[in-house]
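# Next one to model:
(one chain, ligands or ions: 2)
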Amino acid sequence: MEDCKIAVLGIGGVGGYLAGMLASTYSDVSFVARGPRKAALEAHGLQLHSEYSGEITARPARVVETAAELAPLDYLFICVKNYSLEQACKTLGASVDDHTVIIPVMNGVDPAERVRTFVGRGTVVESLIYTVGFSNPDFSVTQQGDFTTVKLGIPHATPAQQAAVERTRDMMVHAGIDTQICADIQAEIWRKYMLNCAYNVLTAAYNRTIGQLRDDPVTRQEYRDLLLETLAVAQAKGVALTREIALAEYDRFLHKLEDDATSSLQRDLHPADDAPPRESERDTFSGYLVREAHRLGISVPLSERYDQMLRNM
Ligand SMILES: NC(=O)C1=CN([C@@H]2O[C@H](COP(=O)(O)OP(=O)(O)OC[C@H]3O[C@@H](n4cnc5c(N)ncnc54)[C@H](OP(=O)(O)O)[C@@H]3O)[C@@H](O)[C@H]2O)C=CC1
Ligand SMILES: CC(C)(CO)C(=O)C(=O)O
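Ligands and ions are numbered 1, 2, ... in the order given. This is a model prediction of the structure:
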């Protein structure tokens, strides 16, 4: 395990945490980054300010502009926004061969399927991550809060695929990354997506924290309704999510999420420095949900309203 070849493509909020943890454990970790971020990582390494894992300065084996500059990898983590995924997959070259395990660590329900289509080789492990992280103007990365957890799996895995999932989990746990294997990874991904379709959509639509959404009776009720609309679409697609799980997520919103919690969609649409909105994943959340609902004949009026509102921002 010590000399496995690992790369992380996308050294932002999510990739920066994983890259920092991996590069401070393994000797052959490459960072794929571009422009001024590449120059900063080459000059100073990656500074990770993690409330969960501590203050880490990670020096990668190398920083490259594209993965195509790398020899075949054992593991490739792809941590880009959904709108960058296709382009990123086009730059992999010979870094991915049939033995490579690719782990897209992203929001949305279909990144793994899209990677399989765009790349067509290697073993793609599905994943999701619960974390709060972002990149800073000096290209350091901050992870906030006392958790960061990754879940892995491959639906209907063959024994060889399951072995790849287990190897990946062991490699990540050895680097100090909380990682669990899920028997039904699709259901877990949809559970997280259901959360995102309420949490990310409402925090971004109003630029409010979770505490502010919870204090307002209208948004408090809408959070529940958005969870239930997403549940209806998931169930129509045959995903094993139940009303009890949706209501447990609502309970978490009411009683457990931090008052000052924000979302990645909110941070992109409302940058802290009053800069103009950045490109965002609104299409990954309400956009995809509404399209799937229409295709399946499910009524999702509130998601439609918020999708329109986010599109007009
Ligand atoms: N941030 C969070 O708290 C959470 C995020 N997620 C999900 O994780 C995924 C990643 O999000 P996040 O880390 O926040 O995103 P960021 O925007 O912070 O980071 C993405 C990084 O990918 C880089 N990138 C994009 N394309 C390429 C490429 N072709 N080559 C090299 N680098 C590339 C970008 O570089 P550049 O700066 O040069 O554009 C950027 O640094 C998303 O799907 C998000 O929804 C999930 C849970 C929590
Ligand atoms: C809801 C949250 C914070 C959970 O990790 C997230 O996925 C995001 O901000 O995109």
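
# The helix ranked longest in the chain: what's the following helix or strand?
Taking DSSP state H as the criterion, the chain has its longest helix at helix 185-206. Using DSSP states H and E, the helix or strand that follows helix 185-206 in sequence is helix 210-215.

# Tell me the buried residues in that next one?
Judged by neighbour count using 16 or more other Cβ atoms under 10 Å, the buried positions of helix 210-215 are 210, 213-214. In this view, the C-beta of every residue, glycine as well, is placed from N, C-alpha and C.

# Give me the helices and strands touching that helix, please.
helix 185-206, helix 217-236, helix 243-255 (3 or more Cβ pairs under 8 Å, 6 or more residues apart in numbering; DSSP states H and E).

# Kindly reformat those helices as JSON lines containing distance to Leu70, mean pLDDT and mean neighbour count.
Below are the helices and strands packed on helix 210-215 laid out as JSON lines (distance: least, Cβ to Cβ, whole Å; pLDDT from 0 to 100; neighbours: other Cβ atoms under 10 Å):
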{"stretch": "helix 185-206", "distance to Leu70": "27", "mean pLDDT": "98", "mean neighbour count": "24"}
{"stretch": "helix 217-236", "distance to Leu70": "37", "mean pLDDT": "98", "mean neighbour count": "19"}
{"stretch": "helix 243-255", "distance to Leu70": "39", "mean pLDDT": "98", "mean neighbour count": "15"}
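
# Let me know how buried Ala94 is, in neighbour terms.
Neighbour count for Ala94, taken as other Cβ atoms under 10 Å: 12.

# Could you show which parts of the stretch 1-150 of the chain are in contact with ligand 1?
Neighbours of ligand 1 within the stretch 1-150 of the chain, by Cβ under 6 Å from any ligand atom: 9-15, 32-35, 37, 79-82, 84, 87-88, 91, 106-107, 129, 131-135.

# Apply the buried test to these and list what passes.
For these, buried by 16+ other Cβ under 10 Å: 9-15, 32-33, 37, 79-82, 84, 88, 106-107, 129, 131-135.

# and those, which of them are in strands?
9, 32, 129, 133-135 (DSSP state E).

# I'd like the distance between the residue in the chain that ligand 1 sits nearest to and Arg243.
Nearest residue of the chain to ligand 1: Gly12, at 1.8 Å (Cβ to the nearest ligand atom). According to Cβ to Cβ, to the nearest Å, Gly12 and Arg243 sit 35 Å apart.

# now swap in Ile103 and tell me
Taken as Cβ to Cβ, the span from Ile103 to Arg243 is 31 Å.

# and the residue of the stretch 1-150 of the chain found nearest ligand 2, how many residues sit next to it?
Proximity to ligand 2, evaluated over the stretch 1-150 of the chain using Cβ to the nearest ligand atom, is greatest for Tyr130 at 4.4 Å. Residues near Tyr130, counting by other Cβ under 10 Å, number 13.

# hang on, the earlier thing: any chance of CSV for the buried residues of helix 210-215, columns pLDDT and distance to ligand 1?
Formatted as CSV, the buried residues of helix 210-215 follow (pLDDT from 0 to 100; distance: Cβ to the nearest ligand atom, whole Å):
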residue, pLDDT, distance to ligand 1
Ile210, 97, 13
Leu213, 98, 17
Arg214, 98, 19
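
# would Met172 count as being in a strand?
No - Met172 sits outside any strand when classified using DSSP: H, G, I helix; E, B strand; the rest coil, being helix.

# show me what contacts the closest residue to Leu202 other than its chain neighbours?
Spatially, and ignoring its direct neighbours in sequence, Leu202 is nearest to Leu213 (5.4 Å; Cβ to Cβ, 6 or more residues apart in numbering). If you count contacts by Cβ atoms under 8 Å, 6 or more residues apart in numbering, Leu213 has them with 202-203, 206, 219-220, 223, 253.

# Need the max-distance pair from those.
Tyr206 and Phe253 (14.6 Å; Cβ to Cβ).

# one step back: excluding sequence neighbours, find me the nearest residue to the residue of the chain closest to ligand 1.
Ser135 (4.7 Å).

# quick one, what contacts that neighbour?
Ser135 neighbours (Cβ under 8 Å, 6+ apart): 11-13, 16, 37, 141-142.

# try it again with 7 Å
12-13, 16, 141 (Cβ atoms under 7 Å, 6 or more residues apart in numbering).

# Tell me who's in contact with Leu85.
Counted by Cβ under 7 Å, 6+ apart, Leu85 has contacts 111, 114.

# Distance check, it against Val105.
With Cβ to Cβ as the criterion, Leu85 and Val105 are 12 Å apart.

# what does Asp251 give?
Counting by Cβ to Cβ - Asp251 and Val105 are separated by 27 Å.

# How about Ala275?
26 Å.

# neighbour count winner among the two?
Val105 (22 against 8).

# where does the more buried one land on pLDDT?
Per-residue pLDDT puts Val105 at 98.

# what separates it from Ser286, distance-wise?
Distance from Val105 to Ser286, by Cβ to Cβ: 22 Å.

# Many thanks, have a good one.
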